[in-house]
Structure formats: structure tokens, C-alpha cells
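>>> What shape does this take:
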Amino acid sequence: MAVINDWNPVVLLGSVKVQLPLTEDFEYIRIVAGEEEDPVGAQEFINDLEMFSQDSFTAYNTTCEFRDGQLIRVISSSYPQGPEEYTEDEPKPVPVWKFCHGLRDGLDTAVITGYSTDCEEGSSKIDMTPEEIEKIRSLAVNGMVTGKASDESVTGGTWVYSFETPGGKQLLSVELYKGMIVAADGMYQYQK
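Residues are numbered from 1 along each chain as shown. Sure, this is the predicted structure:
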């Protein structure tokens, strides 16, 4: 599992509706001050859901386990809530390299390869001029993601730029579509 700036990258893949009542063998485990408490049942879990805000249970501090489509265990801690740029109502600008879950060290000398994508034919390597390479490098190093533009998702027509060390270690991939950065949950605006 990769850890970027002390955070595991988390991307929303979907949501699941959980039917009540929960199974009899359901366990809710709270971690308080770093210590795991004894498991409790469904009623204590529901009480905590009602007592705390929905934002108290995040992908960074809560794990859910399912068996045969049934929620059987939730393990949750009060900390951490998640990266600070996502904890406030108004997201702060995030560096492009960080938003794309990349590594900053090495981007200044990285080998950049560009690809165009097509939903039917896949990706094709593109030739890039030195000026185009430096423009993409500047976007990755100095650009800031300023907010979500739309929930739109595309399967082609994008430009993907891969950054690798001269030795071949992957540092970053940036995918662009019509002046926006492509992410798993939609399109994001950026400033250079």
C-alpha cells in the first residue's frame, strides 16, 4: 500500500446501503487514544452514528467488513479524520503532484512520456516537443488543483503524462481532459 505524505491515497469507488437490523454477530470496535476497546453490538454503533456527525466516520479512520453482502464489523477511531485539505467545507488548493498521489522528489529531472487515450483503441504514445514537456512539468510541480468542476467521467479523449526517474521508477501520472484534471470521481479545475 502506498503512503503519500503520511496519508494512504483514498478514492471513492461507490457506496453501499446497509439494511437494518444488523446481523446478531455484528461487531463494532472503537479505538480510543490508540487503544482498541472490546467489541460492542449494533445498538452502540447506531448510537454513535446518531451522536457524532457523519464526517466523524471517514475512509481514513473507519474500516467496514462485509460477509455475504451483510455488514458484520466496523472498526473506527476518532483520529485521523483525513488530510487537512479535505476536512473543511471549502477545500484548499492542493498541489497537482499531491492531488494525483505522486511523489514530488525527482519531478524536476523526471522523464515525461505523453499518451493520448481512445475508448476503443486504448492509449497511444505521443511525440512531445521540449517546450511541451516543460509545460507539463511546470503544471505538475507548480500547478494547484482549486476545486471540482464536475462529476463527469470519460473513457477516452484524454491526455496522460507519465513521470519517471531516469532509472524507470514511476513518480506521477497526470490525466487531462479539456483543460481539467481527471480523477476517479470527476473533473477538477487547476491553476498553473
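>>> can you give me the strands in the protein?
Remark: strands assigned in the chain by DSSP state E are 27-32, 35-36, 62-67, 70-77, 94-95, 111-118, 122-126, 144-150, 159-164, 170-177, 180-183, 186-191.
>>> which of those has the lowest average pLDDT?
Among the strands of the chain, strand 35-36 has the lowest mean pLDDT, at a mean of 78.
>>> Residues in a beta bridge with S162, which ones?
Using DSSP bridges, the bridge partners assigned to S162 are T113, S173.
>>> Please report how far the closest residue to G114 other than its chain neighbours lies from E132.
Leaving aside its sequence neighbours, G114 sits nearest to I126 (Cβ to Cβ, 6 or more residues apart in numbering; 4.5 Å). Backbone N, C-alpha and C define where each C-beta goes, glycine included. Using Cβ to Cβ, to the nearest Å, we find I126 at a distance of 9 Å from E132.
>>> related to what we said a few turns ago, run a quick neighbour tally on the residue nearest to G114.
A count of nearby residues for I126, using other Cβ atoms under 10 Å, gives 13.
>>> and for I126 and E132, which residues touch both?
Any residue near both I126 and E132 by Cβ atoms under 8 Å, 6 or more residues apart in numbering counts here, and that gives G114.
>>> Against E50, how distant is the nearest residue to L172 once chain neighbours are set aside?
Spatial nearest neighbour of L172, excluding adjacent residues (Cβ to Cβ, 6+ apart): G102 at 2.9 Å. Remark: distance between G102 and E50 (Cβ to Cβ) = 39 Å.
>>> In stretch 104-115, which residues are buried?
Neighbour-count burial for stretch 104-115, counted by 16 or more other Cβ atoms under 10 Å, picks out 106-107, 110, 112, 114-115.
>>> Need the residues that contact that stretch.
For stretch 104-115, contacts defined as Cβ under 8 Å, 6+ apart pick out 95, 97-98, 123-126, 128, 132-133, 136-137, 140-141, 159-166, 169, 171-172.
>>> and what of stretch 62-82?
Contacts of stretch 62-82 with the rest of the structure, by Cβ under 8 Å, 6+ apart, involve 7, 10, 16, 18, 22-23, 25-32, 36, 39, 45, 48, 55-61, 87.
>>> Try it again at 7 Å.
The contact list for stretch 62-82 (Cβ atoms under 7 Å, 6 or more residues apart in numbering) reads 18, 22-23, 25-32, 45, 57-58, 60-61, 87.
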